[in-house]
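Participant: show me the folded form of this:
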Amino acid sequence: MASECEIEVSVQDLVVDRKTFEEIDSQTQKKVQTLFLRTDIILEVEGRQIHVNRQMLADHSPVFQGMFESDFKEKHMDNIPLPDKKFEDFEIFLSSFYYNEFQHTITDDTVLVILPLAIEYQVTAVQDRCESFITKKLKQATNHEIERMDIPTLLSYIEYAEKYKLPTILALAVNLCARYDIPVLKEAGVEDRVSEKTWKEILEDRNSLMTTFMRKILQTGNAADVLATFDLITGLVVGNPEDTHGLIRTYENKLVVMLTNYPEQLTVETLVEIIITGECFKLENLLSSAVNLAFMCDSKLMKGSKRYHQISKDTKATIDEKRVVWLQENSYCCYVSLKD
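Facilitator: Model prediction:
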């Protein structure tokens, strides 16, 4: 009897397995059908052919849909020439949406290739991805989460934002551009690449930034807006790169003295900002001094800082490790008091 029951279960299992196999096989077939779409139209770009599926293009692009379904000559054509387009650019554009399973990601190298074509052919999903990519890059650069953005790229973003009316990107790019010294921007051809209105906004933002910066320096001393200060110094043109390097070292040394001898003049937020600055601008002496002060501060206060999350994992680990050793070696130690 036991063996019969075992046989019954095995048969049921086989039935389930067969159904499962059939479902998997059906899904695989659908993917294969999607991957190897029947091509029924040819796009001719720079004398070269791209074989595509008419319905796939129409599903993603209202412009192509209009060509194929409205009373246009392309409706009855098997070969559609696309004059004034570059073959490689159009291939990259198609790869951003044509196969759902194998869509290429947007990158620094492709975003400005894809964006204008996505706008022209009204592929809104791809346009949104491009805009999100640029917006994220600009915000990361503004918050010093990535390396300083080069001026040619920044000006390209402004050009495209103006041309295609992208206000969010334009505002972010203008604000970031204002951090560079005027002679540097002029040398990069800013006056030829952006509109007169936008150039005026950059100058106004630059003036406002400098005014605010100087006011805070006068009111609160050397540790005011540390990141902004280094932004301005590195963006200055002072005739000789060594002079800029000298300015950076001078300001760094003043901050090190403050960290070492006058920590009571610093707030937790300022200390966190100094750590972030040391990482962003690769200032080892400044970073080391800031870490040495941080591990002697209350960890709850440090971690409660608004920008603590911007400190790298390695630096956070170093601070925690040094704090553990310090507490073990000093039974009656008390945390360093910072300014409220």
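Participant: could you tell me the average pLDDT over the host helix or strand of residue 158, please?
Facilitator: Using DSSP states H and E, residue 158 sits within helix 151-163. Across helix 151-163, pLDDT averages out at 97.
Participant: buried residues in that helix?
Facilitator: Residues of helix 151-163 classed as buried: 151, 154-162 (neighbour count, 16 or more other C-beta atoms under 10 Å). (Glycine included, C-beta is placed from N, CA and C.)
Participant: could you say what helices and strands that helix packs with?
Facilitator: Applying 3 or more C-beta pairs under 8 Å, 6 or more residues apart in numbering; DSSP states H and E, we find helix 151-163 packed against helix 111-120, helix 167-177, helix 190-193.
Participant: give me that answer again for 10 Å
Facilitator: Judged by 3 or more C-beta pairs under 10 Å, 6 or more residues apart in numbering; DSSP states H and E, the packing partners of helix 151-163 are helix 111-120, helix 124-142, helix 167-177, helix 182-187, helix 190-193, helix 196-220.
Participant: and stretch 114-131, how far out from the chain middle?
Facilitator: 18 Å (C-alpha atoms, centre = their mean, to the nearest Å).
Participant: so what touches it?
Facilitator: 57, 60-67, 85-86, 89-90, 92-97, 103-107, 110-113, 133-134, 160-161, 163-166, 168-169 (C-beta atoms under 10 Å, 6 or more residues apart in numbering).
Participant: for residue 144, which non-adjacent residue is closest in space?
Facilitator: Residue nearest to residue 144 in three dimensions, not counting chain neighbours: residue 280, with 4.5 Å by C-beta to C-beta, 6 or more residues apart in numbering.
Participant: same check, this time on residue 133
Facilitator: residue 106 (4.5 Å).
Participant: surely that neighbour touches residue 97?
Facilitator: No - Residue 106 is beyond contact range of residue 97, at 11.0 Å (criterion: C-beta atoms under 10 Å).
Participant: how near is residue 62 to residue 71?
Facilitator: Applying C-beta to C-beta, to the nearest Å, the value for residue 62 to residue 71 is 16 Å.
Participant: contacts only, for residue 77.
Facilitator: Counted by C-beta under 10 Å, 6+ apart, residue 77 has contacts 41-42, 67-68.
Participant: out of residue 62 and residue 71, which sits in the more crowded spot?
Facilitator: residue 62 (12 against 6; other C-beta atoms under 10 Å).
Participant: contacts only, for the more buried one.
Facilitator: Taking C-beta under 10 Å, 6+ apart as the test, what residue 62 contacts is 121-124.
Participant: residue 134 now?
Facilitator: 106, 108, 111-112, 115, 153, 156-157, 160-161, 166, 168-169, 172-173.
Participant: hey, C-alpha coordinates of the helix or strand hosting residue 90 in PDB?
Facilitator: Using DSSP H and E, residue 90 sits within helix 87-95. Extracted C-alpha coordinates of helix 87-95, given in PDB (Å, rounded to 0.1, in the frame of the first residue of the first chain):
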ATOM      1  CA  PHE A  87      24.000  55.900 -38.200                       C
ATOM      2  CA  GLU A  88      25.900  55.200 -34.900                       C
ATOM      3  CA  ASP A  89      23.700  57.800 -33.100                       C
ATOM      4  CA  PHE A  90      20.500  56.300 -34.300                       C
ATOM      5  CA  GLU A  91      21.700  52.800 -33.400                       C
ATOM      6  CA  ILE A  92      22.400  54.000 -29.900                       C
ATOM      7  CA  PHE A  93      19.000  55.600 -29.700                       C
ATOM      8  CA  LEU A  94      17.200  52.500 -30.900                       C
ATOM      9  CA  SER A  95      19.100  50.400 -28.300                       C
END
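Participant: could I get the average pLDDT for that helix?
Facilitator: On average, helix 87-95 scores 94.
Participant: and it with helix 124-142, angle?
Facilitator: 100 degrees (axes from the mean of the first three to the mean of the last three C-alpha atoms, to 10 degrees).
Participant: check what pLDDT the closest residue in space to residue 259 that isn't next to it in sequence gets.
Facilitator: With sequence-adjacent residues excluded and distances taken as C-beta to C-beta, 6+ apart, residue 259 is closest to residue 289, at 4.4 Å. Looking at residue 289, its pLDDT is 94.
Participant: could you do residue 231 as well?
Facilitator: The model's pLDDT for residue 231 equals 75.
Participant: residues near it, how many?
Facilitator: Residues near residue 231, counting by other C-beta under 10 Å: 23.
Participant: wait, isn't it in contact with residue 144?
Facilitator: Yes - contact criterion C-beta under 10 Å: residue 231 and residue 144 qualify, at 8.4 Å.
Participant: how many residues are close by residue 125?
Facilitator: 11.
Participant: picking up where we left off before, what do residue 231 and residue 144 both touch?
Facilitator: With C-beta under 10 Å, 6+ apart, residue 231 and residue 144 have common neighbours 277, 280-281.
Participant: how about the helix or strand harbouring residue 273: buried residues?
Facilitator: Counting by DSSP H and E, the element that carries residue 273 is helix 268-280. By neighbour count on 16+ other C-beta under 10 Å, the buried set for helix 268-280 is 268, 270-280.
Participant: now do stretch 50-58
Facilitator: Result for stretch 50-58 [16+ other C-beta under 10 Å]: buried residues 50, 52, 54, 56-58.
Participant: check the offset of the host helix or strand of residue 254 from the chain's centre.
Facilitator: Using DSSP H and E, the element containing residue 254 is helix 241-261. For helix 241-261, the separation from the chain centroid amounts to 29 Å (computed by C-alpha atoms, centre = their mean).
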